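Student: Predicted model and sequence follow; I will ask about them next.
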Amino acid sequence: MIKCKLIVLGQLSEPHWRDACEEYKKRLSHTCSVQEVELREVRTGRDPGAGDIAAALEREADLILPQISPRAFTIALCIEGKQYNSRALAALLEDKITGGASELCFIIGSSHGLSQRVKQAAQLRLSMSALTFPHQMARVMLYECIYRCMEIQRGSPYHK
């Protein structure tokens, strides 16, 4: 069974986001062992400056980095990352698992993103879209993306 770890900053405040994530976790339970590590977002002031944001991201990096398993294939979600279509991402993930990665580790930063240290620790920087979405939606979208990749690998008709 494939191990997937999601390291995420912040909580899902709305029940519909939590319900959607739970539904995808349930669907994934047939092919993946999913672990979600929810870390507390470092708060900044109401109108933070660049220095405040950078300091917060560094404190968040201190929380994130110890959670990454040494043999994991680590994927940082960030806007400047590479975009894949579903089939290409499924093939990449399958290649990494068959190539010896002990787990797939996905990182979703806070609303300010991720520090350079976290991005450098990842083997892949992934952008889900050039569009802007609500931050909490990213977790739901990631779960769907992982589920779709697993279904492609299984040859399921889910992905058309």
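Tutor: Sure, I can see it.

Student: and the lengthiest helix in the chain, what does it pack onto?
Tutor: With residue count as the measure and DSSP state H as the assignment, the chain has helix 135-154 as its longest helix. Contact here means 3 or more Cβ pairs under 8 Å, 6 or more residues apart in numbering; DSSP states H and E; on that basis helix 135-154 packs against strand 2-9, helix 15-28, helix 86-98, strand 103-108. For every residue, glycine as well, the C-beta is placed using N, CA and C.

Student: Could you point out the bridge partners of the residue nearest the centre of the chain in the sheet?
Tutor: By Cα atoms, centre = their mean, the chain has its centre lying nearest to Phe106, at 3.4 Å. Beta-bridge partners of Phe106, counted by DSSP bridges, are Leu6, Ile75.

Student: which residues touch it?
Tutor: Applying Cβ atoms under 8 Å, 6 or more residues apart in numbering, one finds that Phe106 lies in contact with Cys4, Lys5, Leu6, Ile7, Thr74, Ile75, Leu77, Leu142, Ile146.

Student: Comparing the helices and strands packed on helix 135-154, which comes out most buried?
Tutor: strand 103-108 (a mean of 24; mean count of other Cβ atoms under 10 Å).

Student: what mean pLDDT does that one have?
Tutor: Computed over strand 103-108, the mean pLDDT rounds to 97.

Student: so after it, what's the next helix or strand?
Tutor: helix 116-121 (DSSP states H and E).

Student: Run the chain-centre distance for the following helix or strand past that next one.
Tutor: Downstream of helix 116-121, the next assigned helix or strand under DSSP H and E is strand 124-126. Computed by Cα atoms, centre = their mean, to the nearest Å, the chain-centroid distance of strand 124-126 equals 10 Å.
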